[in-house]
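Asks: Mind looking at a prediction? Sequence and model below.
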Amino acid sequence: MSFKGILLDIDNTIYDYPSAHGNAIDAVRVHLGKILSLENAVLDEAYRRARESVHIELAGTAASHSRLLYFQRMLERLGANPLVHAMDCYDLYWDRFLSGIQAHEGVYSFLEQVKEASLCLLTDLTAPIQFRKIRKLRLDEYASRIVTSEEAGHEKPHPYIFLLGLRKIGVTPEQACMIGDSYENDIFGALNVGIKPFWFRPGSVPEGPPDKRVTVFRSFTELAGMIR
């Protein structure tokens, strides 16, 4: 094994985030459409604006990803009482989200292959929902350390979240690699602290990364042949 430690992103790296989110938001749309008698276009626009306002006001914090805040703001915009409906939307969203997520092909074979390395999950968003995802995806069978942006007080690509991950697994930047799908958050952040990055780009056309220090992979089966 060429790396003593591995930092691993979760969302859209281990599983397909867009499809899980799409299924979850569809369930909320149907629910609110029935009780508020509103068309999908109205609901979608209210959600978009609510999410955008939370992102702007809470940028750089884990709370900027809070679905409960999104639904609260959404309902306020729609003239509905969030104290009546927001928690129902939140629970419905995450129950539907988690019921459908599955790890990408090759993930578990890869994790078995790198078991001798210390693995730390490095993820934005709040801890409770990330812990639920980890259990659903069985990542707790392979990793015993995690850093969320809620814990770190910073989001990727801030150096602190990467350095805290390294500290938790007791390795130096030179001894570790970072695996993630977001160039801006995962790859750029890893490069800034001297960690070798592997950029997950499923289904993309073969092309060189913008930085020669970055290794692109398109499946975890392919990655398994790169990290031994």
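Replies: Cool, got the structure. The structure displayed is predicted, hence computed values, not measured ones.
Asks: Name the spans of the chain whose pLDDT lies under the cut-off.
Replies: Residues of the chain that meet the criterion pLDDT under 70 lie in 1, 204-209.
Asks: got the contact list for the spatially most distant residue from the centre of the chain?
Replies: Largest separation from the mean C-alpha position in the chain: residue 37, at 32.6 Å (C-alpha atoms, centre = their mean). The contact partners of residue 37, by C-beta atoms under 8 Å, 6 or more residues apart in numbering, come to none. C-beta coordinates here come from the backbone N, C-alpha and C atoms, glycine included.
Asks: Could you export stretch 75-87 as CSV, keeping only the C-alpha atoms?
Replies: C-alpha atoms of stretch 75-87 as CSV (Å, rounded to 0.1, in the frame of the first residue of the first chain):
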residue,chain,number,x,y,z
LEU,A,75,-42.8,27.4,3.6
GLU,A,76,-42.4,30.9,4.9
ARG,A,77,-42.2,32.1,1.2
LEU,A,78,-45.4,30.1,0.4
GLY,A,79,-47.3,31.6,3.4
ALA,A,80,-47.6,28.3,5.1
ASN,A,81,-46.7,27.6,8.8
PRO,A,82,-43.2,26.0,9.0
LEU,A,83,-43.9,24.9,12.5
VAL,A,84,-46.6,22.7,11.2
HIS,A,85,-45.0,21.4,8.0
ALA,A,86,-41.2,21.8,8.0
MET,A,87,-40.3,18.8,10.1
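Asks: quick one: the strands in the protein?
Replies: 5-8, 118-123, 145-148, 176-180, 196-200, 215-217 (DSSP state E).
Asks: okay, those strands in CSV with distance to residue 133 and mean neighbour count next?
Replies: Converted to CSV, these look like this (distance: least, C-beta to C-beta, whole Å; neighbours: other C-beta atoms under 10 Å):
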stretch, distance to residue 133, mean neighbour count
strand 5-8, 13, 26
strand 118-123, 9, 25
strand 145-148, 11, 21
strand 176-180, 15, 25
strand 196-200, 17, 22
strand 215-217, 22, 18
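Asks: Can you say which of those is nearest to residue 137?
Replies: Proximity to residue 137 (C-beta to C-beta) singles out strand 118-123 among the strands of the chain, at 10.1 Å.
Asks: Paired strands for the closest one, with orientation please.
Replies: Next to strand 118-123 in the sheet, as set by DSSP bridges, lie strand 5-8 (parallel), strand 145-148 (parallel).
Asks: burial of residue 170, as a residue count?
Replies: Neighbour count for residue 170, taken as other C-beta atoms under 10 Å: 12.
Asks: which residues does the residue nearest to it when sequence neighbours are not counted contact?
Replies: Closest residue to residue 170 apart from its sequence neighbours, by C-beta to C-beta, 6 or more residues apart in numbering: residue 118 at 6.8 Å. Counting by C-beta under 8 Å, 6+ apart, residue 118 makes contact with 4, 5, 6, 145, 169, 170, 171.
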